[in-house]
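*Asks:* predicted coordinates and the sequence they were generated for:
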Amino acid sequence: MLGLKSKDTTLLVVVAILTLLAPFILNPFPENSALAQFNAGYPDLMQRFVIYGIFAIGFNILFGLTGYLSFGHAAFLGVGSYAAVWMFKLLSYNVVPAIMLSVIVAGIFSVLIGYISLRRSGIYFSILTLAFAQMSFALAYSVLSNPKFNLTNGETGLQVYADDPQIFHRAGLPDLPHFFGLSMRSTYTLDVGGWSFDFNAGYYFCAAIMLVVFYLAIRIFNSPFGLMLRAVKSNQQRLNYTGLNTRPYTLAAFVISGMYAGLAGGLLAAMDPLAGAERMQWTASGEVVLMTILGGAGTLIGPVLGAGFIKYFENIFSKINDGVLHAWFAFLPDGLENALVAIIHPFVGKGWQLTLGLMFMAIVIFLPGGLVEGGKRLGALFRRRSSDETASGETKPAE
Amino acid sequence: MDSFILQVLNGLDKGSAYALIALGLTLIFGTLGVVNFAHGALFMIGAFCAVFIQRLLSLSFLTVDDTKKDFLGNPLKVETPYIEAWFGPELGGSIINWSVPLAIFFAIPVMLLVGYVMERGLIKHFYKRPHADQILVTFGLAIVLQEIIKYFYGANPIPTPAPDALAGAFDFGVLLGFDHNTIIYPYWRMIYFAFAGIIIAGVFAFLQFTTFGMVVRAGMADRETVGLLGINIDKRFTLMFGIAAGVAGLAGVMYTPINPPNYHMGMDFLVLSFVVVVVGGMGSLPGAVLAGFLLGILESFASTTWATTTIPGINQVIIYLVAIIVLLTRPRGLLGRKGVMEE
């Protein structure tokens, strides 16, 4: 279907079903139960799942296929956000031109940066992209927000004000980002028993876009172009010796992944019409690397999983405080309860990044292939238990 | 002319910090071939050694002083540090006052230990893995170390002043025949520069003039052959990792009076130090030191009002700009060796 192999079609369909039913799946616990804080089915978080999913899918096209580790991808996300907010300021709150411009601007940006950075490889490439991203961050933060030429609005962040032109804005349209009149914030809430499910227009808008770009990513992975990128990863020198210039291929991959990042940035602005320089900081670039590695670089579904995983833990772990912990362990004797809470306390709430760092290290150390490889290993283990004779037939590549 | 000298001086202290961190990074890279993203965290841990010693020395107990009253008429509670109670207020007071230099003696063993544990416990397993994996695992470690420090010391910068005797500034202008107060330079920054010079000279002397250093240099050039000669090169490289951690830690300890430490100071320095290493030439120790000072001074020149009015924002981007130009014109950096990290 759609020019895909049957295995990839299944994957796409499964992802499509999961994203469409996400409001149900992510809300498994009733509203008032003690476990309700593990619910992730509220619009804001679901939007971030899919948007950062797009970001990570794009990053994976560069890192997973070519092996070029960019430490400056957040710059494209930030540029996309700024471009989208400028469209809101100048034209109207309609998200379509905003997102189109953010993809185009991020594309141009990545052509410029990629053309220079890709002259080097390995760690030098990482440092060059990092340098460019930090430069963009510093410029957006300081110089580009001077009174004469205020492009980024500095520390406050770029936002839409009442005296902005908005030439296509009319009275009937909502005063928020909208898709031809359909506000991104409009939510239909379905109450079933103790459960409450939110169906948010913005989420479905992002989800639809994510499915489209996910499909594109699958096509890229399976195309001759994708094969060429994989060849670059496994042995670039050999490719050069065969008389092939790899630069156009890597540059194309860089620009594509930059455009994905710009798209994600535009969507972030479309969900909340605000763009700040901190989105471009190198920690944000590090985050997308984490997502991709955590999920499994070079796999199709990995980056999406990783993005969801990190964003989920960021939200859920940071919400757990001592009160919640005490409520969980209330059934234990007092001394034990306090001891357990004291042990867990540094890892949750404000300290969730500690958990994230530990988790990340554990994954790089024990599961270099990320969650996808973990799933495969679990699956293999499961199969071996069910039938012993198949285990011997498994082949492993020689080291 | 006077402003020129002033900018050079201003650049020296930051340049010293860059040079020290870059030196450690290059040592680790040259010996073990590992790209250590946790090096900034080591710098930060060093700085927090100073904070720890300061807190430890000023541990106090409360006494009620009946002779004095506070404004409500209650007896005044007086905090007396144990040190002052034991050694008398004068000696005790000056010990607390000199906590930052004293912290050096605490930081050296701590940093050697941290470096040793890090290398044996984690980095050792990553020699054969790709550079991307090394970057990622040390990046994760840096997050963990940061968060641990944040848990104990909070997120705000902690002021750790220099000893009172060294708090003033030196009037350089008079020495060179300028008017008073044209070129003044804080004593502590002078000390920092001198300290950095001593450490750098020490590391170079250690590598150049001792048998141990000779073996390490041989190992950097050809690890396999040194191993075949029956020398346990891994053990020596582990010690070099410890020394590199120590250099970063000492740079951190001494930097605390210049900039109050907070938990993410390491990351801020790390990015720049990497740029410094790359500009200097990956794997070249003199290159790292040279580029550190050069970029520090360049940064301070770019921060002058003349520069910022001519090209707005130049002070923010100068280092990155230089790095990009250097990488594109001299791919191996200023003093880089051939064949390092070029696969």
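*Replies:* Ah, there it is.
*Asks:* from here on, contacts and neighbour counts on C-alpha atoms
*Replies:* Noted.
*Asks:* quickly list the domain ranges of chain A.
*Replies:* A:6-299, A:320-390 (automatic domain parsing).
*Asks:* B:T26: which of these is closest?
*Replies:* Each of those has some distance to B:T26 by C-alpha to C-alpha; the shortest is domain A:6-299, at 13.5 Å.
*Asks:* quick one on the thing from earlier: tell me the most buried of the domains of chain A?
*Replies:* domain A:6-299 (a mean of 21; mean count of other C-alpha atoms under 10 Å in any protein chain shown).
*Asks:* so where's the stretch 151-300 of chain B uncertain?
*Replies:* The model of the stretch 151-300 of chain B has no residue with pLDDT under 70.
*Asks:* next helix or strand past whatever helix or strand B:D234 lives in?
*Replies:* Assigning secondary structure by DSSP states H and E places B:D234 in helix B:233-255. Next helix or strand after helix B:233-255 toward the C-terminus (DSSP H and E): helix B:265-280.
*Asks:* that next one vs chain A: in contact?
*Replies:* Yes - using C-alpha under 8 Å from any C-alpha of the partner chain, helix B:265-280 comes into contact with chain A via B:274-275, B:278.
*Asks:* most neighbours among those residues, please name it.
*Replies:* Per-residue neighbour counts (other C-alpha atoms under 10 Å in any protein chain shown) across the residues of helix B:265-280 next to chain A peak at B:V278, which has 31 neighbours.
*Asks:* and the gap between A:G193 and chain B?
*Replies:* From A:G193 across to chain B, the span is 42 Å (C-alpha to the nearest C-alpha, to the nearest Å).
*Asks:* residues of the stretch 151-300 of chain B that sit close to chain A?
*Replies:* Counting by C-alpha under 8 Å from any C-alpha, the stretch 151-300 of chain B sits next to chain A at B:151, B:274-275, B:278.
*Asks:* so for the chain, the centremost residue is which one?
*Replies:* Because you didn't say which chain, this covers chain A. Chain A has A:Y52 as the residue nearest its centroid, 1.9 Å off, counting by C-alpha atoms, centre = their mean.
*Asks:* wrong chain, I was asking about chain B
*Replies:* B:A251 (2.7 Å).
*Asks:* double-check that one against B:M44; I have them as touching.
*Replies:* No - the criterion here is C-alpha atoms under 8 Å, and B:A251 misses it with B:M44 at 9.2 Å.
*Asks:* quick check: neighbours shared by those two?
*Replies:* Residues touching both B:A251 and B:M44 by C-alpha atoms under 8 Å, 6 or more residues apart in numbering or on different chains: none at all.
*Asks:* residues in contact with A:I99?
*Replies:* A:80, A:84, A:263, A:266-267, A:270.
*Asks:* stretch A:95-105: how far from the chain's middle?
*Replies:* Put simply, stretch A:95-105 sits 18 Å off its chain's centre (C-alpha atoms, centre = their mean, to the nearest Å).
*Asks:* alpha carbons of it, in PDB - could you do that?
*Replies:* Output in PDB follows, covering the C-alpha atoms of stretch A:95-105 (Å, rounded to 0.1, in the frame of the first residue of the first chain):
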ATOM      1  CA  VAL A  95      -1.500  28.000  10.900                       C
ATOM      2  CA  VAL A  96      -1.000  26.900   7.200                       C
ATOM      3  CA  PRO A  97       1.100  29.800   6.000                       C
ATOM      4  CA  ALA A  98       2.900  29.900   9.300                       C
ATOM      5  CA  ILE A  99       4.000  26.200   9.100                       C
ATOM      6  CA  MET A 100       4.800  26.500   5.400                       C
ATOM      7  CA  LEU A 101       7.100  29.500   6.100                       C
ATOM      8  CA  SER A 102       8.700  27.800   9.100                       C
ATOM      9  CA  VAL A 103       9.600  24.800   7.000                       C
ATOM     10  CA  ILE A 104      11.000  27.000   4.200                       C
ATOM     11  CA  VAL A 105      13.000  29.200   6.500                       C
END
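*Asks:* which residues touch B:L12?
*Replies:* Counting by C-alpha under 8 Å, 6+ apart, B:L12 touches B:193, B:293, B:296-297.
*Asks:* from B:A165, how far off is it?
*Replies:* Applying C-alpha to C-alpha, to the nearest Å, the value for B:L12 to B:A165 is 21 Å.
*Asks:* next, residue 33: phi, psi?
*Replies:* No chain was given, so I picked chain A. phi -80, psi 170 (degrees, to the nearest 10).
*Asks:* switch to chain B, that's the one I care about
*Replies:* The phi/psi pair for B:G33 (degrees, to the nearest 10) is phi 70, psi 30.
*Asks:* which of the three states applies to B:T182?
*Replies:* coil (DSSP: H, G, I helix; E, B strand; the rest coil).
*Asks:* skipping its backbone neighbours, what lies nearest it in space?
*Replies:* Leaving aside its sequence neighbours, B:T182 sits nearest to B:G173 (C-alpha to C-alpha, 6 or more residues apart in numbering or on different chains; 5.7 Å).
*Asks:* got the contact list for that neighbour?
*Replies:* Contacts of B:G173 by C-alpha under 8 Å, 6+ apart are B:2, B:179-184.
*Asks:* repeat that for A:L90.
*Replies:* So, once contact is read as C-alpha under 8 Å, 6+ apart, A:L90 ends up touching A:164-167.
*Asks:* sorry, back to before: where neighbours are concerned, which of the contacts of B:G173 has the most?
*Replies:* B:I183 (22 neighbours).
*Asks:* how about that one, nearest residue that isn't a chain neighbour?
*Replies:* B:G173 (4.7 Å).
*Asks:* of the contacts of A:I99, which belong to helices?
*Replies:* Members of the contacts of A:I99 lying in helices (criterion: DSSP state H): A:80, A:84, A:263, A:266-267, A:270.
*Asks:* mind checking how far the helix holding B:D234 is from the chain centre?
*Replies:* 11 Å.
*Asks:* tabulate the CA atom coordinates of that helix in PDB.
*Replies:* Coordinates of the C-alpha atoms in helix B:233-255 are reproduced here as PDB (Å, rounded to 0.1, in the frame of the first residue of the first chain):
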ATOM      1  CA  ILE B 233      50.000   1.400  29.700                       C
ATOM      2  CA  ASP B 234      46.300   1.200  30.800                       C
ATOM      3  CA  LYS B 235      47.300   1.800  34.400                       C
ATOM      4  CA  ARG B 236      49.300   4.900  33.500                       C
ATOM      5  CA  PHE B 237      46.500   6.200  31.300                       C
ATOM      6  CA  THR B 238      44.100   5.800  34.200                       C
ATOM      7  CA  LEU B 239      46.400   8.000  36.200                       C
ATOM      8  CA  MET B 240      46.500  10.500  33.400                       C
ATOM      9  CA  PHE B 241      42.700  10.600  33.500                       C
ATOM     10  CA  GLY B 242      42.900  11.300  37.200                       C
ATOM     11  CA  ILE B 243      45.400  14.100  36.500                       C
ATOM     12  CA  ALA B 244      43.200  15.600  33.800                       C
ATOM     13  CA  ALA B 245      40.300  15.500  36.300                       C
ATOM     14  CA  GLY B 246      42.500  17.100  38.900                       C
ATOM     15  CA  VAL B 247      43.500  19.900  36.500                       C
ATOM     16  CA  ALA B 248      39.800  20.600  35.700                       C
ATOM     17  CA  GLY B 249      39.000  20.500  39.400                       C
ATOM     18  CA  LEU B 250      41.700  22.900  40.400                       C
ATOM     19  CA  ALA B 251      40.700  25.300  37.700                       C
ATOM     20  CA  GLY B 252      37.200  25.100  39.200                       C
ATOM     21  CA  VAL B 253      38.300  25.700  42.800                       C
ATOM     22  CA  MET B 254      40.300  28.800  41.900                       C
ATOM     23  CA  TYR B 255      37.600  30.100  39.700                       C
END
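*Asks:* now do the phi/psi pair for A:H178.
*Replies:* Taking degrees, to the nearest 10 as the convention, A:H178 sits at phi -140, psi 160.
*Asks:* alright, that wraps it up for me.
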